[in-house]
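Enquirer: Sequence and predicted model, in that order:
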Amino acid sequence: MKRFKVADFWMSVLLIGGFVIFGLITRDQRFCYGYFIVGGWQVISMAVHWYNRWFTKENQRRKFYHRFVLMLSIGILLVSGASQLSDYFFVPILLFLYLMLFIAPLMAVFYAGICYEETFNRMKRPMELLK
């Protein structure tokens, strides 16, 4: 678990930093690749944590984050399904996607923070987990 946790944190940091630099260099629409690659890596990481039940107990930030991402995913599916029903949903969908351009990078940094806290703080002090 320790090796995966360390690799997970550093992979998130490298991907986020790399795509920030890539976006600043290219200055075009290719910066969107970073959203999918960083998000994809973090979804894989979340699945591994969920499957192995690492740090997913009640009242932990990871569990709240997993639930938030699940609700966000369900919302995206509902909004995209509603757009097929009527043209009235086109503007709310565009607004939602526009907001996600700003929210997704914050979510990625927050998730990297969760990984950092679990890897470098909680795993170094196992006696603290017994409280």
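Expert: That came through, no problem.

Enquirer: Is the spatially most central residue of the chain in a helix, a strand, or coil?
Expert: Taking C-alpha atoms, centre = their mean, the centroid of the chain lies closest to Ala108, which sits 4.6 Å from it. Here Ala108 is recorded as helix under DSSP: H, G, I helix; E, B strand; the rest coil.

Enquirer: quick one, what contacts the residue lying closest to it once chain neighbours are set aside?
Expert: Computed as C-beta to C-beta, 6 or more residues apart in numbering, the closest residue to Ala108 that is not its neighbour in sequence is Val38, at 5.2 Å. In this view, the C-beta of every residue, glycine as well, is placed from N, C-alpha and C. Residues in contact with Val38 (C-beta atoms under 8 Å, 6 or more residues apart in numbering) are 12, 15-16, 19, 108.

Enquirer: Show me what the mean pLDDT comes to for the helix or strand Val38 falls within.
Expert: Taking DSSP states H and E as the definition, Val38 sits inside helix 32-52. Regarding helix 32-52, the rounded mean pLDDT is 93.
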